[in-house]
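J.: Show me how the following folds:
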Amino acid sequence: MPVVGLDDTDSRERGMCTTYVAVRIGERLAAAGFDVQRHLLVRCNPAVEHKTRGNAALALHVRGAEETPDSAARQRCFDVARETISELAATADTDANPGLIVADTSPEAVPDEVAAFAETAVQGHHAIEDAVALADRFEYRHAGWGDGRGRIGALAAVGAWRANEDWTYERIAYRESARWGSEREVDRESVFEAAASGRTDVWDTVDRGTNTAVCVPRTPCPVLFGIRGDDPAAVEAVAKSIDSEPIDRAVTFVTNQGTDAHLQNDPDGTLEDDRAYRVPATVTSSPETREGGHVFVSVRTSRNGSPTPDEGIELPCVAFEPTKRFREHVRNLRPGDELTVCGEVSDGTLKLEKFAVRDLVETETATPVCPDCERTMESAGANQGYRCRDCGTDAPGPVERPIDRDLDLGWYEVPPVARRHVAKPLIRGGFDAPTHPEH
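T.: Reported below is the predicted structural model:
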């Protein structure tokens, strides 16, 4: 069963979409007698420098005729894919550097090294030379356009089926080519009705807080809309119920979207830029809203969930303005709150995608109030406690008083309009504390 991997066929300026190129390759392979058993959409590390918006790599899991030798099937798949990429990829722009890799192996049988490469591509970084060397080592056919950077994602897509265990689905509907670049005609009311009918198996279709149809892109790409969820029948049913302009073709992808596959735990207290982490921490500063509406708060990381003052690092965290109402949860944090923070680290700052409140500060230190006069007492001098200046009643020291908190224990997340493709929405479940999902 050949595996066809491809990446980086789209452009920030001209659009196109690697999922669309993969679909067209699949159609041509089917016409050549192959059975395309699975379309795999793999979101790689969203923090890498060289990427378009979603950083998606694609793989086709293909079965050829039983009488066709593996080497011949691989060669035919390679020829069809190379021709299709040459025809459709946005290579006229310097930011598109497609890559193609074809392996004559089943997705379940890729070598450990290729599976490890795929995992690192989602959580870390690779050089082009690493992908080429590994492909050559296992005698995979490969090709590159421009500098061939797309071979990194292509090899990651080849190994992803072994590397990842949590899979979701996306039904992508494509536009007629004559409409590419024009305003999309999608009935907004039908999108919201469809989203309501699909909960909870379908998610991130709309954002009710901002009244946005999240599933409809704004780029000049061939995609009309994409419906994501945990059940293939559910995403297909929701897609079918949306009223829109004519759909040219539609395909259901198996994907690592919505899985948090990009998050890695922080075992040794070292956080590297351009990677995403899940880190236990203690709030050390009051939140601050800065120019542009971005909300910053500092935390001190801890190990094994147990804060130790002389370990860990001071880590600024930020909820950017596009995260909208999520910023209110960040503003409600107080020094001493215990959290788990999740997000990408860039220039030493963690960009918050979600956080869990593990423990809240429930009291604050206050100057005592006179029980007789009901006036705030004053200091009686160093180490002499407090005294009421009217009646002389004294108190030994400050008191602890309860404070109202607008947060509960559990997980908070950015809204769908601000969510990264690979980030796991709380509505999917499987979290280690109560959840407060956004819809």
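J.: This structure - how does it break down into domains?
T.: 3-163, 168-255, 263-362+404-436, 363-402 (automatic domain parsing).
J.: Deepest-packed of these, please.
T.: Ranked by average neighbour count under the criterion mean count of other Cβ atoms under 10 Å, the domains of the chain are headed by domain 3-163 at a mean of 21. All C-beta atoms are positioned from the backbone trio N, CA, C, and that covers glycine.
J.: For that one, measure first residue to last.
T.: End-to-end span of domain 3-163 (Cα to Cα, to the nearest Å): 15 Å.
J.: Run through the stretch 151-300 of the chain and note the low-pLDDT ranges.
T.: Scanning the stretch 151-300 of the chain with the threshold set as pLDDT under 70 gives 267-269.
J.: which residue ranges form the helices in it?
T.: 188-198, 232-240 (DSSP state H, counting those that start in this stretch).
J.: Let me know the distance separating residue 407 from residue 174.
T.: 42 Å (Cβ to Cβ, to the nearest Å).
J.: And for residue 291?
T.: With distances taken as Cβ to Cβ, residue 291 is found 40 Å from residue 174.
J.: circling back: of the helices of the stretch 151-300 of the chain, which is nearest residue 396?
T.: With Cβ to Cβ, the closest approach to residue 396 among these belongs to helix 188-198: 58.9 Å.
J.: who touches that closest one?
T.: Residues from elsewhere that reach helix 188-198 (Cβ atoms under 8 Å, 6 or more residues apart in numbering): 202, 205-206, 208, 213, 215-216, 225, 227, 229, 234-235, 237-239, 241-244.
J.: who are the neighbours in contact with the residue lying closest to residue 379 once chain neighbours are set aside?
T.: Of all residues not flanking residue 379 in the chain, residue 386 sits nearest, at 6.0 Å (Cβ to Cβ, 6 or more residues apart in numbering). Residue 386 is in contact with 367, 368, 377, 378, 379, 380, 394, 395, 396, 397, 398, counting by Cβ under 8 Å, 6+ apart.
J.: ok, longest strand in this protein?
T.: Determined from DSSP state E, the single longest strand within the chain is strand 349-359.
J.: Only alpha carbons, please: show it as CSV.
T.: Provided in CSV are the C-alpha atoms of strand 349-359 (Å, rounded to 0.1, in the frame of the first residue of the first chain):
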residue,chain,number,x,y,z
THR,A,349,6.6,34.6,26.2
LEU,A,350,3.9,31.9,26.2
LYS,A,351,0.9,32.7,24.0
LEU,A,352,-2.0,31.3,25.9
GLU,A,353,-4.3,28.8,24.2
LYS,A,354,-5.9,27.4,27.3
PHE,A,355,-5.2,27.2,31.0
ALA,A,356,-6.5,25.1,34.0
VAL,A,357,-7.1,26.6,37.4
ARG,A,358,-5.8,24.1,39.9
ASP,A,359,-6.1,26.2,43.1
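J.: what about it, distance to the chain center?
T.: 14 Å (Cα atoms, centre = their mean, to the nearest Å).
J.: got CSV for the helices of the stretch 151-300 of the chain, with distance to residue 88 too?
T.: Formatted as CSV, those follow (distance: least, Cβ to Cβ, whole Å):
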stretch, distance to residue 88
helix 188-198, 28
helix 232-240, 23
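J.: any idea how far residue 315 is from residue 111?
T.: The gap separating residue 111 from residue 315 is 37 Å, by Cβ to Cβ.
J.: no, scratch that, I was asking about residue 218
T.: Where residue 315 is concerned, residue 218 sits at a distance of 33 Å (Cβ to Cβ).
J.: likewise residue 209?
T.: Per Cβ to Cβ, residue 209 is found 28 Å from residue 315.
J.: Please apply the same query to residue 432.
T.: 21 Å.
J.: now residue 225
T.: According to Cβ to Cβ, residue 225 and residue 315 sit 37 Å apart.
J.: and the residue lying farthest from the centre of the chain, helix, strand or coil?
T.: Using Cα atoms, centre = their mean, the residue of the chain lying farthest from its centre is residue 391. It sits 61.9 Å away. Judged by DSSP: H, G, I helix; E, B strand; the rest coil, the three-state class of residue 391 is coil.
J.: Could you do residue 85 as well?
T.: Taking three-state DSSP, the label given to residue 85 is helix.
J.: dump the residue contacts of it.
T.: Going by Cβ under 8 Å, 6+ apart, residue 85 touches 6, 9, 21, 25, 98, 100, 143, 145.
J.: do the same with residue 142
T.: Residues in contact with residue 142 (Cβ under 8 Å, 6+ apart) are 99, 100, 101, 102, 132, 135, 136, 151, 154.
J.: hang on, it in a strand?
T.: Yes: assigned with three-state DSSP, residue 142 falls within a strand.
J.: ok, what's across the strand from it?
T.: When bridges are called by DSSP bridges, residue 142 pairs up with residue 101.
J.: That one and residue 200, how far apart?
T.: Residue 142 is 41 Å from residue 200, where distance means Cβ to Cβ.
J.: ok, now residue 158?
T.: 32 Å.
J.: can you pull the pLDDT of residue 92?
T.: What the model reports as pLDDT for residue 92 is 74.
J.: Which secondary structure state does it sit in?
T.: coil.
J.: Check residue 78 too.
T.: Assigned with three-state DSSP, residue 78 falls in the helix class.
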